[in-house]
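Engineer: Okay, here's the prediction I keep looking at, along with the sequence it came from:
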Amino acid sequence: MTPVTASTEPTESLGADGLLDLPALERYLSAELDGGLAGPLTARLIAGGRSNPTYEVSDGTTHWILRRPPYGEVLQSAHDMSREARVMSALAGSAVPVPDVVLECDDPSVLGAGFYLMVKLEGRTYRTHDDTATLTVDERRQLTERMVETLVELHSNDPAQVGLADWGRAEGYLERQVARWARQWHRIKTSERPEVDELAERLTRSMPPLRFPGIVHGDFKIDNLMVAVDDPSRILGVLDWEMSTLGDTLADLGVLISFWDEIGQLHNPITAGATAHEGFPTGAEVIALYADRRGISVDDLEWYVAFADFKIAVILEQIHHRHLQGTTVGDWFDDIGGMVGPLLTRARDRADRAEL
C-alpha cells in the first residue's frame, strides 16, 4: 500500500500489460499540470500495495505517486480515490503529516478509473522484520512514540475545522462496519468459514458505545508511514487513507494493536514481526501510551482489536478473491489466502478472552 520499493523496473509503458496506459496519462498530465511535462513519462509499479495499485511516475525531472482503485470488482464505496485525495488535502498544514496532492481525476476515460497524483516523499517505510532490525533500540522506541503522537493528533482534529464535517457519520459507525464486512465476506468468500458469521454476531452483541468520535484513518500501522531516512522518528507522511471516514477513533487504535507484533507471540500475517524487536514496547504499553497522550480511558479496547482482526481477514479474502480472478497487479499476492484463517482464529481467541 505504501510507495517505497519498485517491483518492476521503470518502463516506457505499462499499457502492454493492460495496466497503466502511459500515453493516455501523458496526454492528460500535459494538459492539466501547470507548465506541462518536462519529458516523456516513465512509470514503475510500487511494491507493498496489496489493494490499490500504486505507481511512481516521472517526466525525468519530477517524481509523483499515482494511486488508482484495484482492477476488477471491488466493494461499492471502497477504494474511492477522490475521498483519499480529499482527506489528505484537508489535513495538509495540520499536525498530521500527509503528502501534497497535485491533482485528482474522476474521468474514467483516462485510465479506466478515477485516480490522483501526489508528491513523492523522499523517505523510507519500515514494513518487515528485517527492515526494523536495522533500527537501534532507541530508534524503535522513538518511532513508536511518534506514531502514537501522530495518531492522537489525528484524533484530536475537529473535523469541521479542517473541512471534513460531512466526511461521514460517527453515530452507528461500528454497527455499519461489522455489518459491512460480514456482507462483503459472503460476496467474495473463496471457502466456507462459519466462524465469520459467529464473530459478526458476537461483535454485534457486545458492541461498545461511541465515546470518542472523530476522523478515523482506518488502516493505521507502521508500514503506512513514510519516515525520514536520517531520522526514523520523524514522520514525513501518513499514507493509505482509502478507508478514512468519521467514526469511532478507538477503531484506529484497535487496528494498530492488531498489527503490533511482539516477541514470542503470534504475528499478524501482514506485518509478520515488524515490531517484534527489543525497543518496541508491548501492545499493552502502546495502548497505555495512547491513553496517556490523549487523556482518556480505553478499558474496552479488546473489542476493537478483535474487530480489527475480523475486518483485516475479510479484506485479505477480498484481495485473494481478486487474485484468483487475475485482476491483482504485482507479484506479492500468492500468500494472501493463507493469511485469512490465522486472523479469524486470533479474532475468535480475543473474543473468548474478553468474553464478548
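Structural biologist: All right, it came through fine.
Engineer: residues touching the nearest residue to V119 once chain neighbours are set aside, list them.
Structural biologist: Excluding the flanking residues, the one nearest V119 by Cβ to Cβ, 6 or more residues apart in numbering is D100, at 4.4 Å. Bear in mind the C-beta positions are built from the backbone N, C-alpha and C, glycine included. When contacts are counted by Cβ atoms under 8 Å, 6 or more residues apart in numbering, D100 touches A92, M118, V119.
Engineer: The stretch 151-300 of the chain: helices as residue ranges?
Structural biologist: Taking DSSP state H, counting those that start in this stretch as the criterion, the stretch 151-300 of the chain carries its helices at 173-188, 195-205, 250-258, 283-294.
Engineer: where along the protein do the strands fall?
Structural biologist: Assigned by DSSP state E, the chain shows strands spanning 42-45, 54-58, 63-67, 101-105, 115-119, 213-216, 225-228, 231-238, 245-248.
Engineer: how about those strands in JSON lines, adding mean neighbour count and distance to L316?
Structural biologist: Converted to JSON lines, those look like this (neighbours: other Cβ atoms under 10 Å; distance: least, Cβ to Cβ, whole Å):
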{"stretch": "strand 42-45", "mean neighbour count": "20", "distance to L316": "20"}
{"stretch": "strand 54-58", "mean neighbour count": "21", "distance to L316": "18"}
{"stretch": "strand 63-67", "mean neighbour count": "22", "distance to L316": "20"}
{"stretch": "strand 101-105", "mean neighbour count": "18", "distance to L316": "28"}
{"stretch": "strand 115-119", "mean neighbour count": "21", "distance to L316": "24"}
{"stretch": "strand 213-216", "mean neighbour count": "22", "distance to L316": "20"}
{"stretch": "strand 225-228", "mean neighbour count": "22", "distance to L316": "21"}
{"stretch": "strand 231-238", "mean neighbour count": "19", "distance to L316": "22"}
{"stretch": "strand 245-248", "mean neighbour count": "23", "distance to L316": "20"}
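Engineer: Could you report the separation of L225 from D158?
Structural biologist: In this view, L225 and D158 are 23 Å apart by Cβ to Cβ, to the nearest Å.
Engineer: what residues are up against A170?
Structural biologist: By Cβ under 8 Å, 6+ apart, the contact list for A170 reads L210, P213, G214, L246, G247, D248.
Engineer: What sits closest to it if chain neighbours are left out?
Structural biologist: Distances taken as Cβ to Cβ, 6+ apart place P213 nearest to A170, at 3.5 Å, with adjacent residues excluded.
Engineer: So what sits opposite that neighbour in the bridge?
Structural biologist: Beta-bridge pairing of P213, defined through DSSP bridges, involves D248.
Engineer: thought it was touching T249?
Structural biologist: Yes: using Cβ atoms under 8 Å, P213 is in contact with T249, at 6.9 Å.
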